[in-house]
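Asks: Kindly return the folded structure for what I paste below:
(one chain, ligands or ions: 2)
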Amino acid sequence: MGISKHTDGDFLTVLLLDHRIGGLQVLHQNRWIDVRSIAGALLMSNDKLKSVEHRVLANREGPRVSVACFFRIDDLQSSLKTYGPIKGLLTEDNPPKYRETTFNLFLTTT
Ligand SMILES: O=C(O)CCC(=O)C(=O)O
Ligand SMILES: [Fe+2]
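Replies: Ligands and ions are numbered 1, 2, ... in the order given. Model prediction:
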(Lines give C-alpha, C1' and ligand atoms only; values in the text may rest on other atoms or scores of the structure.)
(Ligands and ions follow the chains in the order given, each with its own letter.)
Protein backbone atom coordinates (compact mmCIF):
# COMPACT_ATOMS: atom_id res chain seq x y z
CA MET A 1 0.00 0.00 0.00
CA GLY A 2 1.39 3.43 -0.91
CA ILE A 3 0.57 6.94 0.23
CA SER A 4 -0.10 9.77 -2.22
CA LYS A 5 1.72 13.13 -2.15
CA HIS A 6 1.21 15.07 1.08
CA THR A 7 2.87 17.11 3.80
CA ASP A 8 2.45 16.22 7.45
CA GLY A 9 0.35 18.77 9.33
CA ASP A 10 1.97 18.24 12.69
CA PHE A 11 4.83 20.12 14.37
CA LEU A 12 7.40 17.34 13.98
CA THR A 13 7.34 13.82 12.54
CA VAL A 14 9.84 11.21 13.64
CA LEU A 15 9.77 8.29 11.23
CA LEU A 16 11.33 4.87 11.65
CA LEU A 17 11.74 3.84 8.01
CA ASP A 18 11.24 0.42 6.53
CA HIS A 19 14.80 -0.28 5.33
CA ARG A 20 13.95 -3.46 3.38
CA ILE A 21 11.08 -2.40 1.11
CA GLY A 22 11.72 1.37 0.90
CA GLY A 23 9.27 3.40 -1.18
CA LEU A 24 9.42 6.75 0.66
CA GLN A 25 10.19 9.65 -1.67
CA VAL A 26 10.50 13.42 -1.09
CA LEU A 27 9.79 16.10 -3.67
CA HIS A 28 12.92 18.21 -4.21
CA GLN A 29 13.17 20.78 -7.01
CA ASN A 30 10.26 19.11 -8.85
CA ARG A 31 11.88 15.65 -8.77
CA TRP A 32 10.97 12.67 -6.62
CA ILE A 33 14.01 11.50 -4.63
CA ASP A 34 14.17 8.09 -2.92
CA VAL A 35 14.78 8.33 0.83
CA ARG A 36 17.24 5.70 1.98
CA SER A 37 17.33 4.52 5.56
CA ILE A 38 20.56 5.36 7.41
CA ALA A 39 21.11 3.47 10.66
CA GLY A 40 20.86 5.80 13.62
CA ALA A 41 19.91 8.84 11.53
CA LEU A 42 17.14 11.23 12.44
CA LEU A 43 15.47 12.77 9.38
CA MET A 44 13.42 15.88 9.99
CA SER A 45 11.55 17.73 7.64
CA ASN A 46 9.41 30.98 8.77
CA ASP A 47 10.77 27.92 5.94
CA LYS A 48 13.90 26.99 7.88
CA LEU A 49 12.11 23.84 9.10
CA LYS A 50 9.71 23.17 6.24
CA SER A 51 7.37 20.21 5.93
CA VAL A 52 8.53 18.52 2.75
CA GLU A 53 6.08 17.01 0.26
CA HIS A 54 6.49 13.27 0.26
CA ARG A 55 4.81 10.04 -0.84
CA VAL A 56 5.24 6.30 -0.52
CA LEU A 57 5.42 4.07 -3.58
CA ALA A 58 4.08 0.53 -3.40
CA ASN A 59 6.86 -0.66 -5.67
CA ARG A 60 7.79 -4.01 -4.12
CA GLU A 61 5.88 -6.98 -2.84
CA GLY A 62 6.04 -7.96 0.82
CA PRO A 63 5.24 -6.51 4.19
CA ARG A 64 6.40 -2.91 4.67
CA VAL A 65 6.66 -1.60 8.21
CA SER A 66 7.33 2.02 9.11
CA VAL A 67 6.55 3.75 12.38
CA ALA A 68 5.56 7.42 12.31
CA CYS A 69 5.29 9.49 15.49
CA PHE A 70 3.39 12.72 14.95
CA PHE A 71 3.96 15.49 17.48
CA ARG A 72 0.98 17.83 17.53
CA ILE A 73 -1.27 19.78 19.83
CA ASP A 74 -4.08 17.69 21.20
CA ASP A 75 -5.89 19.64 23.88
CA LEU A 76 -8.64 22.24 23.53
CA GLN A 77 -6.77 25.07 25.24
CA SER A 78 -3.68 24.75 23.02
CA SER A 79 -5.72 24.28 19.85
CA LEU A 80 -7.34 27.70 20.41
CA LYS A 81 -4.02 29.49 21.04
CA THR A 82 -2.49 31.69 18.36
CA TYR A 83 0.70 30.47 16.70
CA GLY A 84 3.08 32.20 14.29
CA PRO A 85 6.69 32.24 13.14
CA ILE A 86 9.22 31.94 15.99
CA LYS A 87 10.04 35.57 16.85
CA GLY A 88 13.72 34.75 17.46
CA LEU A 89 14.10 33.59 13.82
CA LEU A 90 12.63 36.80 12.38
CA THR A 91 14.88 39.61 11.20
CA GLU A 92 14.53 42.52 8.81
CA ASP A 93 15.98 40.25 6.09
CA ASN A 94 13.77 37.35 7.16
CA PRO A 95 10.32 38.86 7.83
CA PRO A 96 7.33 36.60 8.65
CA LYS A 97 6.07 34.70 5.61
CA TYR A 98 3.00 33.37 7.41
CA ARG A 99 0.34 35.13 9.45
CA GLU A 100 -0.51 34.04 12.95
CA THR A 101 -3.25 31.41 13.17
CA THR A 102 -4.84 28.91 15.53
CA PHE A 103 -4.17 25.20 15.09
CA ASN A 104 -7.87 24.55 14.36
CA LEU A 105 -7.89 27.18 11.61
CA PHE A 106 -4.61 25.79 10.22
CA LEU A 107 -6.07 22.27 10.03
CA THR A 108 -9.31 23.37 8.35
CA THR A 109 -7.77 25.75 5.79
CA THR A 110 -4.70 23.80 4.58
O1 LIG B 1 5.63 5.09 5.78
C2 LIG B 1 6.37 6.00 5.44
O3 LIG B 1 7.53 5.82 5.02
C4 LIG B 1 5.86 7.43 5.49
C5 LIG B 1 4.54 7.57 6.17
C6 LIG B 1 4.00 8.96 6.06
O7 LIG B 1 4.41 9.76 5.27
C8 LIG B 1 2.90 9.35 6.96
O9 LIG B 1 2.37 8.50 7.69
O10 LIG B 1 2.55 10.56 6.97
FE1 LIG C 1 3.74 11.76 5.85
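Asks: Let me see the backbone angles for S79.
Replies: Note on S79: backbone dihedrals following degrees, to the nearest 10 are phi -70, psi -20.
Asks: excluding its backbone neighbours, what's nearest it?
Replies: Nearest residue to S79, sequence neighbours excluded (CB to CB, 6 or more residues apart in numbering): F103, at 4.6 Å. C-beta: built from backbone N, CA, C; applies to glycine.
Asks: can you check S51 too?
Replies: Among residues not flanking S51 along the chain, T7 sits closest, at 4.1 Å (CB to CB, 6+ apart).
Asks: still on that earlier bit, and the residue nearest to S79, backbone torsions?
Replies: Torsion angles, degrees, to the nearest 10, at F103: phi -60, psi -40.
Asks: Does ligand 1 have contacts with the host helix or strand of A68?
Replies: Taking DSSP states H and E as the definition, A68 sits inside strand 67-71. Yes: using CB under 6 Å from any ligand atom, we find that strand 67-71 touches ligand 1 at A68.
Asks: And G22, its phi and psi?
Replies: Dihedral angles for G22 - degrees, to the nearest 10 - are phi 70, psi -150.
Asks: For burial, what's the neighbour tally of P96?
Replies: 13 (other CB atoms under 10 Å).
Asks: Skip the chain neighbours and tell me the closest residue to it.
Replies: P85 (4.6 Å).
Asks: doesn't that neighbour fall inside a strand?
Replies: No: according to DSSP: H, G, I helix; E, B strand; the rest coil, P85 belongs to no strand; its state is coil.
Asks: Isn't it up against R99?
Replies: No: if you go by CB atoms under 8 Å, P85 and R99 don't touch, sitting 9.2 Å apart.
Asks: quick one: which of those two has more around it?
Replies: P85 (17 against 8).
Asks: Report pLDDT for the more buried one.
Replies: Listed pLDDT for P85 reads 82.
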